[in-house]
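A.B. asks: Need the 3D shape of this:
(one chain, ligands or ions: 1)
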Amino acid sequence: MLPRVSQCARRARRHCLAPSLLRQNHNQASSGTSQSTGRTASFGFKTVPEESKESLVKDVFDSVASKYDLMNDASSLGVHRLWKDSFVSTLRPGCKGPMRCIDVAGGTGDIALRILDHAREQYADRETSVEIVDINAQMLSEGFKRFKKTMYHNTPQVSFHEANAQELPPSQFKDDTYDLYTIAFGIRNCTSIPAVLKEAHRVLKPGATFACLEFSKVGNPLLSALYDQYSFSVIPLMGTILAGDSASYQYLVESIRKFPSQPDFAQMIRDAGFATGGDRDGGAWTDLWGGIASIHTGVKV
Ligand SMILES: C[S@@+](CC[C@H](N)C(=O)[O-])C[C@H]1O[C@@H](n2cnc3c(N)ncnc32)[C@H](O)[C@@H]1O
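C.D. replies: As a prediction, this is how the structure comes out:
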């Protein structure tokens, strides 16, 4: 059974941001073609035709967008904030002068805001900029509302773009452009991880950094069992209570389990043309909380 998408979410899907607020790329962003390729993709624990995954994922985020930040805090007991802080401070945006950053699958802007705050607070840098890219207009709309309350609103430091991570329009996202590419809790939702990595490699300058924060594989069996118990029972229940939607949260939990292990993902990053550290915690990746999440980085060669 596919996840239930509330009527409210369907109405929300039809909502559009003013063009001046959001440079949309509808062709790219909703490229869920109706022609079957015969290939399949995982959608949580389900196997679906490859070409339907994108719209199913879009339904999930349409459904959760307005409650996304609240649910993130509730379901992780605020821990996602610590992970995101740690992700951004590891990258030290602004340390070598202003950077042009792209935050893909940027959702409501959690990473972008941290990048800009870090550059300003640590290096008095008010020139570093972040382009927030997401396939989902509702998530971007929530991010836009949030940035409106910050000093970055209406400055060249932040912009919002509706586009697919797998096919960033080359006219808008040019080759060899960015100093830093970030993607947090987004890549597992994409149909083709290699396609996302290929695009990341294309848009980064040579020598620039790709960085991914994603749920990962827990090494310790006891922690893994406790974590499974928590995520499969508590998170969908919280989804029902706080967002009136357990199916979307069930998908989010299932999709975590389908994501490749740390070494497998590191290999995919290398296959896309990035140099990484060795295959160990502290090398190609850094585990957070025993591998519940991990940070992978690579340098474009
Ligand atoms: C779990 S949210 C993460 C949002 C944000 N990065 C954060 O850490 O809070 C995943 C985001 O990925 C976006 N997404 C899913 N598939 C995508 C794709 N193919 N291209 C761009 N964004 C995508 C969703 O719309 C959603 O906003």
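A.B. asks: all contacts plus neighbour counts: C-alpha atoms, from now on.
C.D. replies: OK.
A.B. asks: can you tell me the helix or strand for T182?
C.D. replies: Element membership for T182, per DSSP states H and E: strand 178-184.
A.B. asks: now for that strand, which elements pack on it?
C.D. replies: Here strand 178-184 touches strand 100-104, strand 204-215, going by 3 or more C-alpha pairs under 8 Å, 6 or more residues apart in numbering; DSSP states H and E.
A.B. asks: mind putting these in JSON lines, mean pLDDT and distance to T150 included?
C.D. replies: Listed next are the helices and strands packed on strand 178-184 as JSON lines, based on pLDDT from 0 to 100; distance: least, C-alpha to C-alpha, whole Å:
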{"stretch": "strand 100-104", "mean pLDDT": "98", "distance to T150": "18"}
{"stretch": "strand 204-215", "mean pLDDT": "98", "distance to T150": "24"}
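A.B. asks: nearest to the ligand, of those?
C.D. replies: Distance to the ligand, taken as C-alpha to the nearest ligand atom, is lowest for strand 100-104 among the helices and strands packed on strand 178-184, at 6.1 Å.
A.B. asks: in the closest one, what counts as buried?
C.D. replies: 100-104 (16 or more other C-alpha atoms under 10 Å).
A.B. asks: mind putting the residues you listed in TSV, distance to V218 included?
C.D. replies: Listed next are the buried residues of strand 100-104 as TSV, based on distance: C-alpha to C-alpha, whole Å:
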residue	distance to V218
R100	33
C101	30
I102	29
D103	26
V104	25
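A.B. asks: Considering these, which is situated nearest to E167?
C.D. replies: Of all these, E167 sits closest to V104, with 11.5 Å by C-alpha to C-alpha.
A.B. asks: who's in contact with that closest one?
C.D. replies: By C-alpha atoms under 8 Å, 6 or more residues apart in numbering, the contact set of V104 is 132-134, 165, 181-184, 186.
A.B. asks: Which residues of this protein lie near the ligand?
C.D. replies: Contact residues, the chain versus the ligand (C-alpha under 6 Å from any ligand atom): 61, 105-107, 110, 134-136, 139, 163-166, 184-186, 189-190.
A.B. asks: rewinding a little: pick the most buried one from the helices and strands packed on strand 178-184.
C.D. replies: Among the helices and strands packed on strand 178-184, strand 100-104 has the highest mean neighbour count (mean count of other C-alpha atoms under 10 Å), at a mean of 25.
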